[in-house]
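Need coordinates for the following:
(one chain, ligands or ions: 1)
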Amino acid sequence: MKITGIYPHILDIPLPYPIKLSFGEMRSRRQMYVEVRTAEGISGIGEVWTNHPVFNAESKLILFEKCIIPLLKDREFETPQDAYAFIEKNLLETGAGRQWGALGHIMQAVSGIDIALWDIYSRLKGLPLCKAINASCSYRPIPAYASGLGPDHIEECVERALDRGYGKFKLKIGFSESKDLENLTLVRSLAKDRELYLDANQKFSGYKEAARRLEAYSKFGFKFVEEPVSCCDMKSMRLLRNDGYTVAAGENSYTKTEFSNMLWTDCIDILQPDVGKCGGITNMLRIAALAKSAGKSFAPHMFSSVIGQTASLHVLTAVGGLFMEVDANPNLALSSLASVAPFSFRDGCFYPDDCQGLGVTLDKDFASKYSVL
Ligand SMILES: [Mg+2]
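Reported below is the predicted structural model:
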């Protein structure tokens with residue numbers, strides 16, 4: 001694969017209502033994807049995480065222009081892993097990445113390049129991406145859970161998810177204790193005895209606050225708590241595990257080393273790398289292997305577009321994992337950005353269809369309507 005061009009695209013997609021999180025608010029969906037073109041005449045696309053803050057995407061344009069494009073344009077690689085090793089050596093481990101102090105920011109951009117290269121690589125081989133990762137993988141249903149619930153619009157989201165066959169739900173917490181309790185009561189009444197998960201988005205200040213809040217919420221019966229404290233606060237996560245909670249984290253972790261450290265400190269049960277943040281498919285496969293070798297669960301985080309969702313589903317098909325996270329709010333980046341996507345959804349599961357590469361064809365009209373470049 002000889003890279004002849006790298007083209008980042010920014011979309012600003014409207015939302016019917018702002019998405020509120022314990023740390024901030026999204027008033028529209030800022031999505032970024034990157035297109036990589038090759039001398040072989042095949043191009044690929046990849047997701048670059050840009051949801052938050054709102055200037056995230058624009059700041060990445062400088063990164064692409066000054067750093068990524070000069071490093072990779074006109075270079076030739078046999079495999080996506082070869083390209084990743086080159087990037088790791090020249091950008092992440094040394095050079096601009098560390099000096100700049102922008103490791104996570106760079107990892108998000110590199111993720112898009114890596115996914116696009118896997119798209120190209122598998123299409124050159126005439127394979128669906130999952131088969132390019134693991135030729136012997138078999139197609140099977142991938143269970144999904146309805147995510148992004150709360151703090152408002154819960155009733156409509158849960159009812160829509162129930163209609164679509166979801167049997168697992170994740171509620172955002174970390175607002176006031178009374179709001180969290182009100183929402184837990186509502187979700188339990190709507191979802192009945194179906195599986196419930198909680199996501200605090202790192203809100204609680206440390207073990208003491210997290211333990212007190214979770215104790216108050218435990219009567220609602222949740223299966224795991226995600227990012228109860230800062231993802232760097234491994235000691236507090238470990239203490240919560242000692243108290244009997246199942247802890248999930250990973251969406252704000254970058255590099256294999258960060259995931260290794262979480263395993264080494266035994267502070268985590270479920271590893272949740274995001275394919276648009278953690279270094280793309282190449283690094284996600286390494287993290288999934290780490291999880292497997294440590295006897296932990298692997299469950300991709302996803303709150304972006306159909307591009308990242310499809311890449312994650314290919315990885316789950318290729319190497320297995322717990323389930324797929326799906327934003328249960330109205331999300332045009334999932335429902336309308338692609339005219340073709342290779343995983344159909346029914347009864348709370350994704351089912352793989354045959355495709356070439358990633359298998360996502362963008363709806364050009366939709367993409368150009370919301371392009372802000
Ligand atoms: Mg989360």
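
Now whichever residue of the stretch 151-300 of the chain sits closest to the ion. Its backbone dihedrals?
In the stretch 151-300 of the chain, the residue that lies nearest the ion is D199 (4.3 Å; Cβ to the ion). Bear in mind the C-beta positions are built from the backbone N, C-alpha and C, glycine included. Backbone torsions of D199, given as degrees, to the nearest 10, read phi -130, psi 110.

Quick one: residues contacting it.
S147, K170, L171, K172, I173, G174, V225, E226, E227 (Cβ atoms under 8 Å, 6 or more residues apart in numbering).

try S336
S336 makes contacts with D363, F366, as judged by Cβ under 8 Å, 6+ apart.

how far away is it from the ion?
S336 sits 24 Å away from the ion, going by Cβ to the ion, to the nearest Å.

if I look at that residue, how far off is H52?
To H52, S336 is 21 Å away according to Cβ to Cβ, to the nearest Å.

Kindly report the residues of the stretch 51-200 of the chain close to the ion.
Residues of the stretch 51-200 of the chain lying near the ion by Cβ under 5 Å from the ion: D199.

thinking again about what came up before, closest to R27 out of the contacts of D199?
K172 (16.7 Å; Cβ to Cβ).

Run through the bridge partners of the closest one.
On the basis of DSSP bridges, K172 is bridged to D199.

I142 now?
F350.

give me the number of residues near it?
Neighbourhood size, I142 [other Cβ atoms under 10 Å]: 20.

residues in contact with it?
L313, L316, T317, F323, M324, F343, C349, F350, Y351, P352.

Helices of the stretch 51-200 of the chain, start to end?
Taking DSSP state H, counting those that start in this stretch, the helices of the stretch 51-200 of the chain run over residues 56-63, 69-72, 80-87, 96-100, 103-124, 129-133, 154-163, 177-191.

residue in the stretch 1-150 of the chain nearest to the ion?
Proximity of the stretch 1-150 of the chain to the ion (Cβ to the ion) peaks at S147, 7.6 Å away.

Correct me if wrong: K172 contacts G24.
No - when contacts are counted by Cβ atoms under 8 Å, K172 is not listed as touching G24 (11.9 Å).

And the pLDDT at the residue of the stretch 151-300 of the chain closest to the ion?
On pLDDT, D199 comes in at 98.

Keeping just the C-alphas, turn stretch 40-57 into CSV.
C-alpha atoms of stretch 40-57 as CSV (Å, rounded to 0.1, in the frame of the first residue of the first chain):
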residue,chain,number,x,y,z
GLU,A,40,-3.1,1.0,-6.1
GLY,A,41,-6.2,3.1,-6.7
ILE,A,42,-8.0,1.9,-3.5
SER,A,43,-9.0,4.3,-0.8
GLY,A,44,-10.1,3.6,2.8
ILE,A,45,-11.8,5.5,5.6
GLY,A,46,-11.2,5.7,9.3
GLU,A,47,-12.9,7.2,12.4
VAL,A,48,-11.0,9.9,14.4
TRP,A,49,-12.4,10.6,17.8
THR,A,50,-13.5,14.3,18.0
ASN,A,51,-16.7,14.3,20.1
HIS,A,52,-15.6,16.6,22.8
PRO,A,53,-14.6,19.4,23.2
VAL,A,54,-16.1,21.3,20.2
PHE,A,55,-12.7,22.5,18.9
ASN,A,56,-11.2,19.0,19.0
ALA,A,57,-11.7,18.4,15.3
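
Averaged pLDDT, it. What do you get?
The average pLDDT within stretch 40-57 is 93.

chain center to that stretch, what's the gap?
Computed by Cα atoms, centre = their mean, to the nearest Å, the separation of stretch 40-57 from the middle of its chain amounts to 13 Å.

same check, this time on stretch 284-292
Distance, stretch centre to chain centre, for stretch 284-292: 15 Å (Cα atoms, centre = their mean).

buried sites along that stretch?
Neighbour counts over stretch 284-292 (16 or more other Cβ atoms under 10 Å) mark M284, L285, R286, I287, A288, L290, A291 as buried.

and R238, how many neighbours does it have?
As a burial measure, R238 scores 17 neighbours (other Cβ under 10 Å).
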